[in-house]
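>>> Model the following, please.
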Amino acid sequence: MAALQKSMKTGLENLENWLEEKNYFTDALGKVEEKTKVKKLYLFLGLVGVFSLYLIFGYGADLIVTVLGFAYPAYQSVKAVESVQKDDDTQWLIYWVVFASFNIVEFFSDILLSWFPLYFLTKLIFLGWCMAPVSWNGSDTLYQKVIKPFVLRHQSQIDSTLEKVGEKMDKYAKEGDFTISNATGRGI
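Okay, here's the model as predicted:
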């Protein structure tokens with residue numbers, strides 16, 4: 001119980017420190033704080049609450065969550081690729097492997113899951129955990145415990161299948177001429 005309280009206190013302190021950083025969002029919160037006399041922390045938590053309710057009851061929640069799960073990681077991935085460090089490249093590559101795996105699983109279960117009122121809020125929390133800048137984030141955890149063992153266990157079968165598919169594609173490409181002029185009967 002004491003560890004949980006300490007963790008929550010640390011999280012709250014980190015949130016308050018983040019709200020004191022200088023950026024457009026915190027500047028806007030600061031202006032609202034001046035006018036309303038409501039602390040930035042409470043304004044931020046209120047916004048989180050309203051946004052959470054929108055994800056539960058609002059229209060377009062799937063698009064919003066998908067964009068949020070893509071936009072920030074894409075931005076961070078570009079920054080990582082352009083930096084001289086390689087640890088950040090690995091972190092974001094692992095995120096994209098988990099994100100793609102999650103999207104495949106979600107494709108087959110979305111019809112059922114999207115009917116649950118908290119689905120999109122839960123999905124956003126999950127994606128937030130996957131991109132969180134902590135050592136125990138969801139991407140690293142899922143990669144190390146699920147994806148990596150699965151791929152390593154089936155690597156030879158996957159490589160063999162990919163090689164066969166490549167050979168078939170080469171065979172079909174050599175047997176037929178897939179130019180646009182042959183498909184349409186006229187040269188383009």
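>>> only C-alpha atoms for contact and neighbour calcs from this point on.
Noted.
>>> and Gly65, which of the three is it?
Slight slip there: residue 65 is Val, not Gly. Here Val65 is recorded as helix under DSSP: H, G, I helix; E, B strand; the rest coil.
>>> Return the residues in contact with the residue lying closest to it once chain neighbours are set aside.
In this structure, Val65 finds its nearest non-sequential neighbour in Leu124, 5.7 Å apart by C-alpha to C-alpha, 6 or more residues apart in numbering. Residues in contact with Leu124 (C-alpha atoms under 8 Å, 6 or more residues apart in numbering) are 65, 68-69.
>>> Buried subset of those as a ChimeraX selection?
Buried subset of those, written as a ChimeraX selection, criterion 16 or more other C-alpha atoms under 10 Å:
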select :65,69
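>>> could you say which helix or strand contains the residue nearest in space to the middle of the chain?
Among the residues of the chain, the one closest to the centroid is Gly69, at 3.7 Å (C-alpha atoms, centre = their mean). Using DSSP states H and E, Gly69 maps to helix 61-82.
>>> likewise Met169?
helix 148-175.
>>> Equivalent analysis for Ile56, please.
Per DSSP H and E: helix 40-57 holds Ile56.
>>> what sits up against that helix?
15-16, 19, 29-30, 33, 61, 117-121.
>>> so can I have JSON lines of these showing distance to Asp110 and neighbour count?
Below are the contacts of helix 40-57 laid out as JSON lines (distance: C-alpha to C-alpha, whole Å; neighbours: other C-alpha atoms under 10 Å):
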{"residue": "Leu15", "distance to Asp110": "32", "neighbour count": "13"}
{"residue": "Glu16", "distance to Asp110": "36", "neighbour count": "14"}
{"residue": "Leu19", "distance to Asp110": "35", "neighbour count": "18"}
{"residue": "Leu29", "distance to Asp110": "36", "neighbour count": "20"}
{"residue": "Gly30", "distance to Asp110": "39", "neighbour count": "20"}
{"residue": "Glu33", "distance to Asp110": "40", "neighbour count": "16"}
{"residue": "Ala61", "distance to Asp110": "13", "neighbour count": "19"}
{"residue": "Pro117", "distance to Asp110": "13", "neighbour count": "13"}
{"residue": "Leu118", "distance to Asp110": "13", "neighbour count": "15"}
{"residue": "Tyr119", "distance to Asp110": "9", "neighbour count": "18"}
{"residue": "Phe120", "distance to Asp110": "11", "neighbour count": "25"}
{"residue": "Leu121", "distance to Asp110": "14", "neighbour count": "19"}
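>>> any chance of those in TSV, with distance to Glu163, pLDDT and secondary structure too?
As requested, the contacts of helix 40-57 are exported to TSV (distance: C-alpha to C-alpha, whole Å; pLDDT from 0 to 100; DSSP: H, G, I helix; E, B strand; the rest coil):
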residue	distance to Glu163	pLDDT	secondary structure
Leu15	49	77	helix
Glu16	53	81	helix
Leu19	52	80	helix
Leu29	55	85	helix
Gly30	58	88	helix
Glu33	61	87	helix
Ala61	40	85	helix
Pro117	44	80	coil
Leu118	42	86	coil
Tyr119	39	88	helix
Phe120	38	87	helix
Leu121	41	90	helix
